[in-house]
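**Student:** following is a predicted model, sequence given first.
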Amino acid sequence: MSTLNKITNSVRESLDVLAEGWQDLWHKARHAITHFTPTSDDENTGGNRWGLLSAELLEGRDEVTVSIEAPGLEKQDFEIFVDNQTLVIKGTKQSSTERNEGHFHISERAYGRFERLVPLPCEVDEGETRAIYKGGVLTIVLPKSKEAQPRIISIS
Amino acid sequence: MTYQISPFSTLNQFNRELNRLFDDRPNTQRRPTSTSWTPQVDVAETEESFEVAADIPGVNPEDIEISLHNGLLTIRGERKYDNESSSASYSRRERLLGTFSRQFNLPDSADQETVTAKTNNGVLEITIPKAKKARPISITVQGE
């Protein structure tokens, strides 16, 4: 094999690996990248328009637990509902007023309205859903609907 | 003196590095045993102080270490998983566990003795007051 061919093959191999890795990363994390729409109050802070809201979905026997990292909100800032077997989390992250008075040296955090959708693996009983907001992590427990729960058959 | 240029070894090394990088990724829904992440921060300056805000959701306050040495502010910590459950299965895992660290150079106007820190809803808030002499003073002009 000529030197040029060797180099070409090596470069091609590198790009393939890079493309594959990027695909994997995109597949895994793209849903966590969330757009923040600035509310009028926050328009002047020049904060980031994109933030990460990393989610986790744990499916148990009777319930589905979704955790989302959403730091810097108050519990009343969230709106949570289930629509078409998809969990919808809406919220507004507000920047604190004392920071608005000064000027930023570094501004990486995103502020404003956001919406995160998490597809659910089965039908859930929306009325029985519970949510806890602690340490910047929102945890939502959705009991599975009767039809989605595994049926236990007793042997007589 | 001669220089030996070897594009192959460089490319091969590059390939190996890429393979290592992507082979380390959790192929299944298995979480990597140790990893590191970078919290997003804001650093704001007001007339009285510097305010650092870092997004650290899911990190326990006791797992955060803040140090100040020669004007260098270091925030270090670790996110641990608290309720790993083996009976349930994950169908989505985007959260990163592991250590984080960030450093900031503070200007001379910072009063290093009176730094305070607290966590609130997953946000670490550090307040570094400015030294008295660095604060703006307004001087009233007296009439005749």
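**Tutor:** That came through fine.
**Student:** who's in contact with residue B:44?
**Tutor:** By CB atoms under 8 Å, 6 or more residues apart in numbering or on different chains, residue B:44 lies in contact with A:99, A:102, A:103, A:104, A:105, B:50, B:51, B:53. All C-beta atoms are positioned from the backbone trio N, CA, C, and that covers glycine.
**Student:** helix or strand: which one has it?
**Tutor:** Counting by DSSP states H and E, the element that carries residue B:44 is strand B:41-45.
**Student:** touching chain A at all, the very next helix or strand once past that strand?
**Tutor:** Tracing the chain past strand B:41-45, the next element assigned as helix or strand by DSSP H and E is strand B:49-55. Yes - judged by CB under 8 Å from any CB of the partner chain, strand B:49-55 and chain A are in contact via B:50, B:51, B:53, B:55.
**Student:** can you name the residue of chain A nearest chain B?
**Tutor:** Closest approach between chain A and chain B, counting by CB to the nearest CB: residue A:136, at 1.2 Å.
**Student:** nearest residue to that residue other than its sequence neighbours?
**Tutor:** Sequence neighbours aside, residue B:122 is the residue nearest to residue A:136 in space, at 1.2 Å (criterion: CB to CB, 6 or more residues apart in numbering or on different chains).
**Student:** gap between that neighbour and residue B:90?
**Tutor:** Here the criterion is CB to CB, to the nearest Å. By it, residue B:122 lies 21 Å from residue B:90.
**Student:** which one of the two is surrounded by more residues?
**Tutor:** residue B:122 (23 against 15; other CB atoms under 10 Å in any protein chain shown).
**Student:** right, and that one touches residue B:54 too?
**Tutor:** No - using CB atoms under 8 Å as the test, residue B:122 is too far from residue B:54 to be in contact (9.6 Å).
**Student:** give the contact list for residue B:43.
**Tutor:** Under the criterion of CB under 8 Å, 6+ apart, the contact partners of residue B:43 comprise A:104, A:105, A:106, A:107, B:50, B:51, B:52, B:53, B:104.
**Student:** which of these are buried? Put it as a ChimeraX command.
**Tutor:** Only the buried entries of these go into this ChimeraX selection, using 16 or more other CB atoms under 10 Å in any protein chain shown:
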select /A:104,107 /B:50,51,52,53,104
